[in-house]
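Asks: I'd like to go over a predicted model; first the sequence, then the structure.
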Amino acid sequence: MRNYIVGLLLLGILYSCTSDKEIEVETDYARYVNPFIGNADNGHTFPGACAPFGMIQAGPESGNGSWRYCSGFNYDDDEIFGFAQNHLNGTGCPDLGDILILPFSGTISDNNYKSRIDKSKQTASPGYYAVTLPDFGINVEITATERTAFHKYTYQNGSEANLLLDLQSGLVTSSQAIHDRVLLAEMQMPDDRTITGHNETNVWVRRHFYYAINFDKPYKVKEILPAYKGEKAKRLLLSFNLQENEALQVKIAISSVSVDGAVASLQKENPDWNFEKIRRTTHDKWNQLFQRVHVKGTDEQKTNFYTSLYHLFIQPNNITDTDGKYRGVNDSVFISPSGEYYSTLSLWDTYRAAHPLYTILTPEKVNGMVNSMLAHYKVYGYLPIWTLWGKENYCMIGNHAIPVIVDAYLKGFDGFDKREAYRAIKESSTVNHRNSDWEVYDKYGYYPFDMVTAESVSKTLESAYDDYCVARMAEKLDEKGDYEYFIRRSEYYKNLFDPVTRFMRGKDSGGNWRTPFNPMRLFHAGEVGGDFTEGNSWQYTWHVQQDVEGLIALMGGKDVFVNKLDSLFMTEPEPDKMGKVLDVTGLIGQYAHGNEPSHHVIYLYNYVNCPWRTQELIREVFDRFYQARPDGLCGNDDCGQMSAWYVFSAMGFYPVNPCGGEYVIGAPQLEEIIIDLPDQKQFVVRAIDLSKANKYVKAVTLNGKPLRDFRIYHSDITKGGILEFVMTDKHG
């Protein structure tokens, strides 16, 4: 008996150790993240090091001067010309790429400052990037905090240890623009281990950045490279006295406010020279976010899922210094009481699913995001359209801060002044500004194409959606007159529906349809003008997120609607009739998953009693357009929106109308997903009998009760519960 008890105790100890190890491995979800996903083709993601929602995105650059290099890097390239400290993630336009550094050994001829890379030794994980430069015998490692980058270069071959510090470089749209991007440059060398300075640049936005660079070993200025015509900032060659296999460490902080702000970030976030400590701390910050969602599935499914979360949480970026100071939209310096001021707001993309997903997964960030938009309004007079580093670039159409703010309010977020928020959304919807001419819009009930010569149909449809959101907040605040006004405007979409062709179609100020009319023809204002934004009439006809039932009635009823929706997915592209717009990718017929206006359309089958079509199309999108490889995304990730679609759809529901907390049922793609919520609650999604063949939904229950509708609500999620799907291989 005694030996039996001892044996049980030993077995228990062994089991306990094994269980703890398994738990540790199972909760290290960061190991599933592959930052190289989306680096090739046109995903435009970047593989470098950053902290969640941080100001720094430090990583490699392999090209510049074209749409291919919006993030500065393409996985298919075999060379790298340096490592910069900030990058955009998944956008369709370049900027940033500040403070380019290339470590090298020996001498370089013909100003050919670049190296081949050894892809077998290129690795990346949340908060970390590493690569070997075989031309120089240098191992590169990079990590980051929210406001600082930390580089470690190990010079292996004993040759002279040099470093190119390029303060002129940055990501631009053409090769000439590199020379023109810096408007002002100031640089100081207070000692032989420090360089500080200030640049003003103008690419996508005009902005200031201040920097502080620290080296752990003294440098000598070997050479100042000749400047090209128009250049203001310097390119320095620095040399260091290193032994073979000795490492040089470099820390860089950036501020929008001052050199002092950058120095303070180094002192507070990264005061030592402990690379592994910073790497581990940032890794843990990522893991704390990933651990809010637990999934069961294959390793490939987990890789796609957690990489999608990673891309979602890279931005918006908090651009305050450690003391809460930031440079606002008018170039004045402000102080955020909360220490938060979020920018990189790609709202035309992210209002659709990314921001609704933040309300579930990172609710503690939502008030800060809304207050950042309201701070922008207080200075600028209207809400942000697309902001980068606190500056407005006016990219895209609509006023899509409105649905984000109203959605937060309707979901009960109260860390902002609701009356000020309402003033902001109302004024943004009634006072003319660069993106909106409300006098024309109100006079005609649409934007006439002879008066608004670009994107008139898309602007009308997206403004009508924003109007619906204003109406929702007005109703909740008992602003009855405003509610009636804006709800009427939300129906302006009906004025551009052609009942003969059953398409949304351009109309002039005399009420005449655009002729000739080709619903396949793709348009983008920046490229070919026309009535649509990065799309065509096939794709935009469905852009009535606020009133799907009204669109069904316009079409002529459910049967007609189904046939038209089927035609969308079955009408094959005809390049000679469509033209080409770079962002319109991921096609299934005329449906374009690679661009955001299509993202809700698959779910519309639910409204006409054909949910099985939604279910099989979701599987097709998952199989074709989300692959765990560098070219695995079918379009720009657009600051997490493509990834948010994946996460929502994997869970089995999606915000067709992303304002107010209504989610339309789809078909889950993973066996189980558990969301950890505040107050120790959980929301669980289970897919019983899910398999490759079993892609259809046989039954759905919420907390054990059959779901009678095709919707669930935000409150169903936040109060915790179990959403269970029974899957089958039969549809209908």
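Replies: Cool, the structure landed.
Asks: Now do the residue lying closest to residue 619 once chain neighbours are set aside against residue 530, distance only.
Replies: For residue 619, ignoring the flanking residues on the chain, the nearest one in space by CB to CB, 6 or more residues apart in numbering is residue 695 at 4.4 Å. Bear in mind the C-beta positions are built from the backbone N, C-alpha and C, glycine included. From residue 695 across to residue 530, the span is 37 Å (CB to CB, to the nearest Å).
Asks: which residues does residue 140 contact?
Replies: 83, 103, 129, 130, 131, 132, 133, 151, 152, 153 (CB atoms under 8 Å, 6 or more residues apart in numbering).
Asks: for those, which one is nearest residue 182?
Replies: Proximity of these to residue 182 (CB to CB) peaks at residue 83, which lies at 18.8 Å.
Asks: Who is that closest one paired with across the strands?
Replies: Beta bridges link residue 83 to residue 60, residue 101, judged by DSSP bridges.
Asks: what about it, how many neighbours?
Replies: By other CB atoms under 10 Å, 26 other residues sit near residue 83.
Asks: Where does the residue nearest the centre of the chain sit: helix, strand or coil?
Replies: The centroid of the chain falls nearest to residue 639 when counting by CA atoms, centre = their mean (1.2 Å). At residue 639 the chain is in coil, as set by DSSP: H, G, I helix; E, B strand; the rest coil.
Asks: Equivalent analysis for residue 294, please.
Replies: Per three-state DSSP, the local secondary structure of residue 294 is strand.
Asks: Which residues does the nearest residue to it once chain neighbours are set aside form beta bridges with?
Replies: In space, residue 294 comes closest to residue 674 once its chain neighbours are excluded; the distance is 4.4 Å by CB to CB, 6+ apart. Residues in a beta bridge with residue 674, per DSSP bridges, are residue 294, residue 684.
Asks: ok, now which ones touch residue 674?
Replies: Taking CB under 8 Å, 6+ apart as the criterion, residue 674 is in contact with 293, 294, 295, 682, 683, 684, 685.
Asks: any idea how far residue 354 is from the third one?
Replies: As for residue 295, its distance to residue 354 is 19 Å (criterion: CB to CB).
Asks: For these two, indicate the residue with more neighbours.
Replies: With neighbours defined as other CB under 10 Å, residue 295 and residue 354 compare such that residue 354 has more, 29 against 22.
Asks: Quick check on the contacts of residue 674: which are buried?
Replies: Buried by 16 or more other CB atoms under 10 Å: 293, 294, 295, 683, 685, out of the contacts of residue 674.
Asks: what would the residues you listed look like in CSV with distance to residue 315 and pLDDT?
Replies: What follows is the buried ones among the contacts of residue 674, written out as CSV (distance: CB to CB, whole Å; pLDDT from 0 to 100):
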residue, distance to residue 315, pLDDT
293, 19, 98
294, 24, 97
295, 23, 97
683, 25, 98
685, 26, 98
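Asks: Closest one of the residues you listed to residue 654?
Replies: When those are ranked by distance to residue 654 (CB to CB), residue 685 comes first, at 12.8 Å.
Asks: List the contacts of the closest one.
Replies: So residue 685 contacts 651, 652, 668, 672, 673, 674, 722, 723, 724, 725 (CB under 8 Å, 6+ apart).
Asks: From what I see, residue 620 and residue 589 are in contact.
Replies: No - Residue 620 is beyond contact range of residue 589, at 11.1 Å (criterion: CB atoms under 8 Å).
Asks: Pull the contacting residues for residue 390.
Replies: 207, 256, 319, 326, 327, 328, 329, 341, 343, 376 are the contacts of residue 390 under CB under 8 Å, 6+ apart.
Asks: which residue packs closest to the fifth one, ignoring adjacent ones?
Replies: Once flanking residues are discounted, residue 327 sits nearest to residue 256: 4.0 Å by CB to CB, 6+ apart.
Asks: quick one, what contacts that neighbour?
Replies: By CB under 8 Å, 6+ apart, the contact list for residue 256 reads 207, 208, 209, 210, 319, 321, 326, 327, 389, 390.
Asks: so how far is residue 198 from the first one?
Replies: In this case it means residue 207. When distance is defined by CB to CB, residue 207 is 11 Å away from residue 198.
Asks: still on that earlier bit, let's have the contacts of residue 256 in JSON lines, adding distance to residue 117.
Replies: Listed next are those as JSON lines, based on distance: CB to CB, whole Å:
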{"residue": "207", "distance to residue 117": "30"}
{"residue": "208", "distance to residue 117": "32"}
{"residue": "209", "distance to residue 117": "27"}
{"residue": "210", "distance to residue 117": "31"}
{"residue": "319", "distance to residue 117": "31"}
{"residue": "321", "distance to residue 117": "34"}
{"residue": "326", "distance to residue 117": "35"}
{"residue": "327", "distance to residue 117": "35"}
{"residue": "389", "distance to residue 117": "29"}
{"residue": "390", "distance to residue 117": "34"}
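Asks: Go through the residues you listed and flag which are in strands.
Replies: Judged by DSSP state E, strands contain the following of the contacts of residue 256: 207, 208, 209, 210, 326, 327.
Asks: From those residues, pick the one nearest residue 492.
Replies: residue 207 (35.8 Å).
Asks: you'd agree that closest one is up against residue 393?
Replies: No - using CB under 8 Å, residue 207 makes no contact with residue 393, being 10.1 Å away.
Asks: So for the two, which residue has more residues nearby?
Replies: Each of residue 207 and residue 393 has its neighbours counted (other CB under 10 Å); residue 207 has more, 23 against 17.
Asks: What pLDDT does the model give the closest residue to that one other than its chain neighbours?
Replies: In space, and not counting its chain neighbours, residue 207 is closest to residue 389: 4.5 Å by CB to CB, 6+ apart. pLDDT for residue 389: 98.
Asks: go on, residue 674?
Replies: Looking at residue 674, its pLDDT stands at 98.
Asks: Now stretch 222-236: buried residues?
Replies: Neighbour-count burial for stretch 222-236, counted by 16+ other CB under 10 Å, picks out 231, 232, 233, 234, 235, 236.
Asks: which two in those residues are spaced the farthest apart?
Replies: So, those by CB to CB: farthest apart are 232 and 236, at 14.2 Å.
Asks: picking that back up, report how many residues lie close to the residue nearest to residue 207.
Replies: 25.
Asks: and it, what are its phi and psi?
Replies: When read as degrees, to the nearest 10, the backbone of residue 389 gives phi 50, psi 40.
Asks: just to revisit the earlier point, list phi and psi for the residue nearest to residue 327.
Replies: phi -90, psi -10.
Asks: and the nearest residue to the residue nearest to the centre of the chain once chain neighbours are set aside, what does it touch?
Replies: Using CB to CB, 6+ apart and skipping the chain neighbours, the partner closest in space to residue 639 is residue 346 (3.9 Å). Residues in contact with residue 346 (CB under 8 Å, 6+ apart) are 91, 315, 386, 638, 639, 641.
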